[in-house]
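> One predicted model, sequence on top.
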Number of protein chains: 6
Amino acid sequence: MAKAIDGIRLEPGETIDWIILDRPEAANAFSGKMLERFSEVLADRRAAGAPVLGIRGAGKGFGAGMDLGQYNAQGSAMDDVLRLSSYVERWMAIWRHPKPVIIAVHGYCIGVAAQLASFADILIVSETATISEPTIPIGGGFIAPVWADQVGGRRAKEFAFLPGNRIDGKIAVEWGWANAAVPEGQLVVCAEALAGRMAQIPAAVLTMKKRSINRAMEAAGFSAGVGAVAESDAILHLEPEVRAIRDRLRTDGLKPVVQSFAGPSSQDIFRKYGDGTTIES
Amino acid sequence: MAKAIDGIRLEPGETIDWIILDRPEAANAFSGKMLERFSEVLADRRAAGAPVLGIRGAGKGFGAGMDLGQYNAQGSAMDDVLRLSSYVERWMAIWRHPKPVIIAVHGYCIGVAAQLASFADILIVSETATISEPTIPIGGGFIAPVWADQVGGRRAKEFAFLPGNRIDGKIAVEWGWANAAVPEGQLVVCAEALAGRMAQIPAAVLTMKKRSINRAMEAAGFSAGVGAVAESDAILHLEPEVRAIRDRLRTDGLKPVVQSFAGPSSQDIFRKYGDGTTIES
Amino acid sequence: MAKAIDGIRLEPGETIDWIILDRPEAANAFSGKMLERFSEVLADRRAAGAPVLGIRGAGKGFGAGMDLGQYNAQGSAMDDVLRLSSYVERWMAIWRHPKPVIIAVHGYCIGVAAQLASFADILIVSETATISEPTIPIGGGFIAPVWADQVGGRRAKEFAFLPGNRIDGKIAVEWGWANAAVPEGQLVVCAEALAGRMAQIPAAVLTMKKRSINRAMEAAGFSAGVGAVAESDAILHLEPEVRAIRDRLRTDGLKPVVQSFAGPSSQDIFRKYGDGTTIES
Amino acid sequence: MAKAIDGIRLEPGETIDWIILDRPEAANAFSGKMLERFSEVLADRRAAGAPVLGIRGAGKGFGAGMDLGQYNAQGSAMDDVLRLSSYVERWMAIWRHPKPVIIAVHGYCIGVAAQLASFADILIVSETATISEPTIPIGGGFIAPVWADQVGGRRAKEFAFLPGNRIDGKIAVEWGWANAAVPEGQLVVCAEALAGRMAQIPAAVLTMKKRSINRAMEAAGFSAGVGAVAESDAILHLEPEVRAIRDRLRTDGLKPVVQSFAGPSSQDIFRKYGDGTTIES
Amino acid sequence: MAKAIDGIRLEPGETIDWIILDRPEAANAFSGKMLERFSEVLADRRAAGAPVLGIRGAGKGFGAGMDLGQYNAQGSAMDDVLRLSSYVERWMAIWRHPKPVIIAVHGYCIGVAAQLASFADILIVSETATISEPTIPIGGGFIAPVWADQVGGRRAKEFAFLPGNRIDGKIAVEWGWANAAVPEGQLVVCAEALAGRMAQIPAAVLTMKKRSINRAMEAAGFSAGVGAVAESDAILHLEPEVRAIRDRLRTDGLKPVVQSFAGPSSQDIFRKYGDGTTIES
Amino acid sequence: MAKAIDGIRLEPGETIDWIILDRPEAANAFSGKMLERFSEVLADRRAAGAPVLGIRGAGKGFGAGMDLGQYNAQGSAMDDVLRLSSYVERWMAIWRHPKPVIIAVHGYCIGVAAQLASFADILIVSETATISEPTIPIGGGFIAPVWADQVGGRRAKEFAFLPGNRIDGKIAVEWGWANAAVPEGQLVVCAEALAGRMAQIPAAVLTMKKRSINRAMEAAGFSAGVGAVAESDAILHLEPEVRAIRDRLRTDGLKPVVQSFAGPSSQDIFRKYGDGTTIES
């Protein structure tokens, strides 16, 4: 097994090459180096390797979002805008990649990891995956707008408006965010079966099919829709109430702050009132 | 309990302020004064009150649409266009409101009431709610286009093309029009539980999340899509066949005319032929 | 029963006129003459006949796509672009038709037939219908982009990326491609029940409702989305690997080539890994 | 010289085929038959004839708009919408034509003739041409919206908001509506010189260049922009003040009614106040 | 002559009612009260008064922008976003107004005043008017984006990228921002001559013409284009370098800070190098 | 003076860093290595160097387009699509660059060089610059669509439809393609004077102003408009008539082929017939 370099491991295959988020000490959260490496490997696979590209996480989940250290509290608002923009630019390389990209999500998939996953061509999730907003609402307007073209504005708002809101794999398919949900143990083999079938189509045909559908999605506003998310998020980082939460994080530590925002998800609430199922808050 | 003024009652709360359509003598149909009052209360809540705004109906249903007296048969076509446009402008104030707006729909929700509900940020319905086009097809092209970005063009057409067509709460969720359907008795408490969780997010963060998702939806054509519905509807009001129906209404009264257009909904028909369930026509 | 002329049969009715694809010797595949006749009958129904228009296939399925003879291997790339464009132009006449158009799909619905069906106002399918991409991947980027506004980009890609990929009627409804799925024996009667209800609405009202929803869909990118599919497909027809497959078709015949691309559909794969159901490959 | 059939004359050439509006008894105003013939000849030139297509008027001007008899005062509003829509559909055949279309405008170019000219690929005008709105303001919202993408919204409004407003050929070029203005005697020879150069490019290359630029214009809203002009115009035809003007036309005749709306154009007014030039009103 | 109330004076006329910015002590800069009054008078003219609406400034210029006191340095970033958004919302009432709105600009027209003027239906300027960005670059991204659909992206950038950049009335017409430039003494009488001609068209026809052209402009992205300008500007207000300039303003006073940013405009530079004309810096 | 590496020379300055196309042996035509180097230097300037970025050509002109060797006649159509797409992707890095980019064009500016120049934020040209389509029409649909949002569809078509069509610097400004035209000797100093003024604005403010105007342009279809140009061009490369021209190039050499397509530009023709000026053909 190849070793991870800067938290990214490449696992080449015959029909699918896997780019694996593999930074166990940080629950696969992206560091700056890891982002760089991710982009390099992605670019490197444009002309080399298997006909299909896969992205998944190693360990207990897909990814925990962005390394907290990435946010530079000393930086200016514009530094923040450019930093946030650069994430979207990196994910757009998936969108523009000549190969079809399958993303396989299991376990936790939080914040920026859920944003990244939205750029997949094909998205498969484990039934027990938990796709979530960050528990602590110190940002906003960065993830859900990217979802809006996939799940509709109303569900994007539902997802975004509760602290730490989350959906499981089955809801992700019902909402149209993911193509399919399978048991966690079947996730990789399922993706590979799909890739095997896709690889029977000549590579150029796959590329053109992807370009052609992308174009239809851009006509429906895909690119324009993601254009101002960085600005929105950067503004919130400067909001007094958001700074106050950051201060509490520094003084009290993570646990009590997370605790203060914990609670049922929107779908938990709908289930509870919909059919009487008891939920833990 | 506060008294309704011009058919609108404000019920302030800690996490959610409810604007209640409360004009029992007319099944909550909007009169001109009621529309004015609705807009005033909505504007008043921009800077004051609870962090979340709710809209619901009092009594047996959410709303029966527009007061028949609102249509001025003597007015010109352009008067009609401006009148119809003014409704959409009023609902757009929900869209542009800095707070998240939850709309809770129970019982009947007809015509313009179904148009209003489409502008909710979060939309919860009772399972037994009946969302419907007016039974008598004397207008058209005014409600369903607003739905198209939420349920797709094909279902918007299905909804619009049968006289008095209707869906219940469960179908509304399947179609992606509503976020959730719960038993009628749980509707308000469910909305309030949701609002309670939303209120844990700083108000500025909620505002920005809403603005950011709205922008993605506008990039996907939201505003442009609602731009010509007034013209379409005004033209139909002048159509000889439509005028003939109005004449029958005047001479024969409501009942026989409604009777002549009654029949199964599209979903009734699909169920009947889909699985053999008998339906009443 | 009227006789088919050039593969198209008109079956007039009181509330619905059926245009029937009826070319049994070719599984209803379109020939050049059949396309011409289809457009003529469609145009002829603008001012005459029943208030609703229906399109269905005679025999075992809706249609097998385009007659292979239609592709002129000797023609230039631009000939190919213009030929492919002309198909989309023909289907756009359904979109612009003043009457609501119900398309009823049963049995096989392959390639260009699945493209045509996407332009229906109301689309009803039999539960056992099989909507599929061509088994042999010698084109691409022509059908799925037209689906993208209806099923979302991710499902459009899933559909397009496997050779001969296919969905049945129930999945078509889940995906929002079709309005309803009924047993095959009920398909025509169900469409006619729907048409009966629609015909109660004055014709002018139906026309305006259709125009008004179409306009909302165009604001969401409908027309722009279908604008470059001809170019994409024409390029692939010239691809060396695609030409190689055509050569194999000429030398080996259809059967072994089809065999070499056969395999489970994406939904088959998801079912297999999702719940252990055994599938035949 | 070929004879005109139903007001349309075809003058074939080596590098350019001219479609000539030639109905001298009505100042080239379109009758129903003339529209039909125009569309037929246009369609006929898709696969036959010279590589470039030209459209011009015979006699003293390009065209006086629509034959008054085309408006059916007895018809319903929807009849009117469909009639008006059909004009735009006819001009769209210029837009979709595989060949480049040069339109050469001289003399008067009024109302619907000015709408038609907006669909040219290349538009050449004589310096003394007068492009104008109808003098009698009994319609509206039908011509200028089609201009908006070419001259900008502000100039489209300037053009539309004065009764019988008009610009000459030089202003048409300044505004970007026309490519060039030349002396009237040079108009045809100039268009033919241009066509001669264009004909040096292989036909397929010209077709693709046109398609490719059209697509960019559609991405900028071209098609969506012309989508509701028929509805707008039909509504105005029903306006009491517009009906009153029609009544005056019937009782008083054309001359006094035209006289009551006569006056300087917007550009006349700007010149008068801009530099002291005296204008006749 | 009516007295100004809160800096807004209404001068009713037969064919045009003038809303006059009249706050001489502040060079017509908008205060909060003045904005409120502006919106009230605008709303009041929807159903009352002359058929055309005009907006102009009293005294030496059209307007100096926003009162500095309007920026609340103590407020949060989101307060700033909502404040900035509210300006655009106010100007949108011009866009949605049923009457045509002529704006007449003379003298200085700075910052937010130049943004307001961009929402005119018809825009007339004096030849010597100076339309400019604020001299001190403490904001950005708020004015020029609104211009982009009128002057093109490249000129919008030219205008925005130099501190205190400015164009005169003649360039404003060349760029297509204004309809016409006339000597300052002729500005009002020219607007009134135009209004006189416009008033000959029935009011309903004018309303519909405006709606119809607006719709074409919205299809070309008008509304979406102005959607994120508030966010962009608010971020810059928080930028360290921008705060430093504000500090210098507080400590050094306006004059030296303005001096430090003074210099030729882009058009001055182009003239200097284009033809050797000497310019003062 | 720094040496050019792979045809690209970086000339750093205080307010502007110049990226200079400097490959004199090939009239600054892009080779593959030169493209790579161009992108590297562009990326390198994101975080380093002067606040403004400039791009110009060394020697007699800006650039002659793409090195003929770049077209791989043996490659497949999809290779061609990806190659052509990669050019647009490279220029998009100018669009997304955080700094304002001034492009200064003198002398010849042919084909892909004219495409590159269209992505400038500010574009200055020498009065005698010649911006042109390739003389030999072996491609198409690749350059002019990118111009359409800047010069309008009609002028984009005029430019594209004549072999080797060309405009000079003054026309480029009239059309709105360039911001200004100055004598060639003043070009660099003019750009530097502009950059000097721009550099007075804090860098973050410039970045945000650029992002904000870009977003307005994307709402107007900028990105979507350039989405299919690669496909269009690739198809033409395969056209029999285009291949025939290539064959003639191989057998006869460049000169006679160029000669066979030589002739006046569209503006030459308009001048000739417009005012009697004699032109050489």
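Here it is on my side, so go on.
> hang on, isn't A:Leu194 packed against C:Ser266?
Yes - with contacts counted by C-beta atoms under 8 Å, A:Leu194 reaches C:Ser266, the gap being 6.3 Å. Heads up, the C-betas are built off the backbone N, CA and C, glycines and all.
> Report the contact partners of A:Glu231.
Applying C-beta atoms under 8 Å, 6 or more residues apart in numbering or on different chains to A:Glu231 gives the contacts A:81, E:228, E:231-232, E:235, F:211.
> overlap in contacts of A:Leu194 and C:Ser266?
Common contacts of A:Leu194 and C:Ser266 (C-beta under 8 Å, 6+ apart): C:Leu162.
> contacts for stretch A:111-118?
Here stretch A:111-118 has contacts from A:21, A:28, A:30, A:55, A:57, A:62-66, A:87-88, A:91, A:94, A:103, A:105, A:109, A:123, A:131-134, A:142-143, A:146-147, A:150, A:177, using C-beta under 8 Å, 6+ apart.
> Considering only those, which also neighbour chain C?
The residues of the contacts of stretch A:111-118 that also fall near chain C, by C-beta under 8 Å from any C-beta of the partner chain, are A:123, A:150, A:177.
> residues in contact with the second one?
This points to A:Gln150. A:118, A:175-177, C:152-154.
> Around A:Pro256, count how many other residues there are.
11 (other C-beta atoms under 10 Å in any protein chain shown).
> Next, the closest residue to A:Arg23 other than its chain neighbours: phi, psi?
Spatial nearest neighbour of A:Arg23, chain neighbours left out: A:Gly7 (3.4 Å); criterion: C-beta to C-beta, 6 or more residues apart in numbering or on different chains. The phi and psi values for A:Gly7, taken as degrees, to the nearest 10, are phi 90, psi 0.
> Correct me if wrong: A:Gly7 contacts A:Glu25.
No - using C-beta under 8 Å, A:Gly7 is not in contact with A:Glu25, being 9.1 Å away.
> Compare these two and say which is more crowded by neighbours.
A:Gly7 (23 against 7).
> Distance check, that one against chain E.
30 Å (C-beta to the nearest C-beta, to the nearest Å).
> what's the span of stretch A:44-59 from first residue to last?
Stretch A:44-59 has an end-to-end distance of 25 Å (C-alpha to C-alpha, to the nearest Å).
> Quick check: buried residues in that stretch?
A:45, A:49-59 (16 or more other C-beta atoms under 10 Å in any protein chain shown).
> which element is the residue in the stretch 51-200 of chain A positioned nearest to chain D on?
Nearest to chain D, among the residues of the stretch 51-200 of chain A, is A:Asp149, at 16.8 Å (C-beta to the nearest C-beta). Using DSSP states H and E, A:Asp149 sits within helix A:144-151.
> Next: A:Val81.
According to DSSP H and E, A:Val81 maps onto helix A:77-95.
> Counting by contacts, list what that helix packs against.
Helix A:77-95 is packed against helix A:32-44, helix A:112-117, helix A:229-237, helix E:229-237, helix F:203-219, with contacts defined by 3 or more C-beta pairs under 8 Å, 6 or more residues apart in numbering or on different chains; DSSP states H and E.
> Past it, which element shows up next along the chain?
Using DSSP H and E, the helix or strand that follows helix A:77-95 in sequence is strand A:101-105.
> Using JSON lines, lay out the ones next to chain C among the contacts of stretch A:111-118 together with pLDDT.
Conversion of those to JSON lines gives the following (pLDDT from 0 to 100):
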{"residue": "A:Leu123", "pLDDT": "97"}
{"residue": "A:Gln150", "pLDDT": "88"}
{"residue": "A:Trp177", "pLDDT": "95"}
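> send the alpha carbons of the helix holding A:Asp149 over as CSV?
Once non-C-alpha atoms are left out, helix A:144-151 reads as follows in CSV (Å, rounded to 0.1, in the frame of the first residue of the first chain):
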residue,chain,number,x,y,z
ALA,A,144,-25.4,25.0,1.3
PRO,A,145,-25.5,27.3,-1.8
VAL,A,146,-23.4,24.8,-3.6
TRP,A,147,-26.0,22.2,-2.8
ALA,A,148,-29.0,24.3,-4.0
ASP,A,149,-28.9,23.2,-7.6
GLN,A,150,-28.9,19.6,-6.4
VAL,A,151,-31.4,19.5,-3.6
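> what angle separates that helix from helix B:203-219?
40 degrees (axes from the mean of the first three to the mean of the last three C-alpha atoms, to 10 degrees).
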